[in-house]
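In: Need coordinates for the following:
(chains A, B, C and D)
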There are 2 protein chains.
Amino acid sequence: MRDPLPSLPGYSLRRAANAAAAELASRLGELNLRQVDASLLILIGENPDVTASALGRQLDIQRANMVPLLKRLEDAGLIERKAIDGKSQGLTLTAQGAEITQQARTMIERFEAELLARIPAQHRDHLLPALDALWR
Amino acid sequence: MRDPLPSLPGYSLRRAANAAAAELASRLGELNLRQVDASLLILIGENPDVTASALGRQLDIQRANMVPLLKRLEDAGLIERKAIDGKSQGLTLTAQGAEITQQARTMIERFEAELLARIPAQHRDHLLPALDALWR
DNA sequence: TATTGTTATACTCTATAACTATA
DNA sequence: TATAGTTATAGAGTATAACAATA
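Out: Here you go, the predicted structure:
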């Protein structure tokens, strides 16, 4: 079939992102985590007592949508909430959450290394700077 | 906030793809098209009498999900179906569909050019080959 | 007045299973 | 037996509006 779409960077960007996301989702599934769960756990681990609102701003997730995401992590025993003041809650990893987060980080690092390994060497180091220019 | 995620190519891939998709969606909205509509119209224009199943295979969209997509394009008067044999239907653009498709292609080409222009020159030509290695 | 956390809700996208009819 | 088109449905993901309580 004639298909001019793959020559478009924006189209290839979406297809590559979808392919990578599907593969990572499959691997993180072994830890009963989705990508967004892993992102939240990593950020909470790096920023103890961070608030739900701050996490949402960092990940471009709206406040209202953070509620079920955090509830899921809390129900799984991976994070804890404690009141900072009357209206804010600080989030931290539980011991179990820290352990799962470390496993997820190891898994993600391996995945990222494998992703890069698929890219021909002469293009490899250009991917991240090029992507950064598109969203940061 | 400490955030190690942007250093991960897979994460940046998703963020860049989302940012690009949101912007293109906004522009195509002026033509009352979504990205998937534009992709379908372009492929149908390039491949007259293509079947719904073949389109789905090319775009990794399942047969069942093609039904509402094509119905929408047909209801908008952009595509037509005519029986190839007892079970297959050939899809073609209507005159109006061809016109809208041309407008979409012009819009997309401008968008793609602007995307590439944002990437520093020394990285620009590496993006598409790097992405291709991740999904093709 | 702005922000935090929350509830409720709706819409889109996608995945799965099943069915009919035809090649 | 495999394929094309379709229907129905369920699950994610996301967007919007509104509310109470607090900074």
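In: From DNA strand C, how far out is residue A:120?
Out: Going from residue A:120 to DNA strand C by Cβ to the nearest atom of the strand, to the nearest Å gives 28 Å. Placement of C-beta: from N, CA and C, glycine included.
In: show me the contacts for that residue.
Out: B:129-130, B:133 (Cβ atoms under 8 Å, 6 or more residues apart in numbering or on different chains).
In: just residue A:19 next, same as before
Out: Applying Cβ under 8 Å, 6+ apart, the residues contacting residue A:19 are B:134-135.
In: After the one helix or strand it maps to, heading C-terminal, what element do we hit next?
Out: Using DSSP states H and E, residue A:19 sits in helix A:9-28. With elements assigned by DSSP H and E, the helix or strand that comes after helix A:9-28 is helix A:35-46.
In: can you give me the helices for chain A?
Out: A:9-28, A:35-46, A:52-59, A:63-75, A:95-117, A:121-124, A:127-135 (DSSP state H).
In: For these, give me a markdown table that also has distance to residue B:82.
Out: Formatted as a markdown table, the helices of chain A follow (distance: least, Cβ to Cβ, whole Å):
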| stretch | distance to residue B:82 |
| --- | --- |
| helix A:9-28 | 28 |
| helix A:35-46 | 43 |
| helix A:52-59 | 47 |
| helix A:63-75 | 44 |
| helix A:95-117 | 44 |
| helix A:121-124 | 44 |
| helix A:127-135 | 41 |
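In: CSV for those helices, including mean pLDDT and distance to residue A:85?
Out: As requested, these are exported to CSV (pLDDT from 0 to 100; distance: least, Cβ to Cβ, whole Å):
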stretch, mean pLDDT, distance to residue A:85
helix A:9-28, 95, 34
helix A:35-46, 98, 19
helix A:52-59, 98, 13
helix A:63-75, 97, 17
helix A:95-117, 97, 23
helix A:121-124, 97, 47
helix A:127-135, 96, 33
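In: which one of these lies closest to DNA strand D?
Out: DNA strand D lies closest to helix A:63-75 among these, at 3.3 Å (Cβ to the nearest atom of the strand).
In: near DNA strand C, which residues of chain A?
Out: A:51-54, A:63-64, A:66-67, A:70, A:87-89 (Cβ under 7 Å from any atom of the strand).
In: just to revisit the earlier point, direction-wise, compare the helix holding residue A:19 with helix B:95-118 and give the angle.
Out: 80 degrees (axes from the mean of the first three to the mean of the last three Cα atoms, to 10 degrees).
In: Run the contact check for helix A:9-28 versus DNA strand D.
Out: No. Helix A:9-28 does not reach DNA strand D (Cβ under 7 Å from any atom of the strand); its nearest approach is 7.7 Å.
In: What residues of that helix count as buried?
Out: Using 16 or more other Cβ atoms under 10 Å in any protein chain shown as the test for burial, helix A:9-28 gives A:9-21, A:24, A:28.
In: for these, which one is nearest residue A:80?
Out: Closest approach between those and residue A:80, by Cβ to Cβ: residue A:28, at 21.6 Å.
In: which residue is nearest the centroid of chain A?
Out: Nearest to the mean C-alpha position of chain A, by Cα atoms, centre = their mean, lies residue A:39 at 3.2 Å.
In: Could you pull up the contacting residues of it?
Out: A:59, B:5, B:11.
In: Dump the residues you listed into JSON lines; add distance to residue A:118 as well.
Out: JSON lines is the format used below for the contacts of residue A:39 (distance: Cβ to Cβ, whole Å):
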{"residue": "A:59", "distance to residue A:118": "26"}
{"residue": "B:5", "distance to residue A:118": "21"}
{"residue": "B:11", "distance to residue A:118": "17"}
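In: Can you tell me which of these is closest to residue A:115?
Out: residue B:11 (10.7 Å).
In: Leaving out chain neighbours, which residue sits closest to the closest one?
Out: Nearest residue to residue B:11 in three dimensions, chain neighbours excluded: residue B:5, at 4.6 Å (Cβ to Cβ, 6 or more residues apart in numbering or on different chains).
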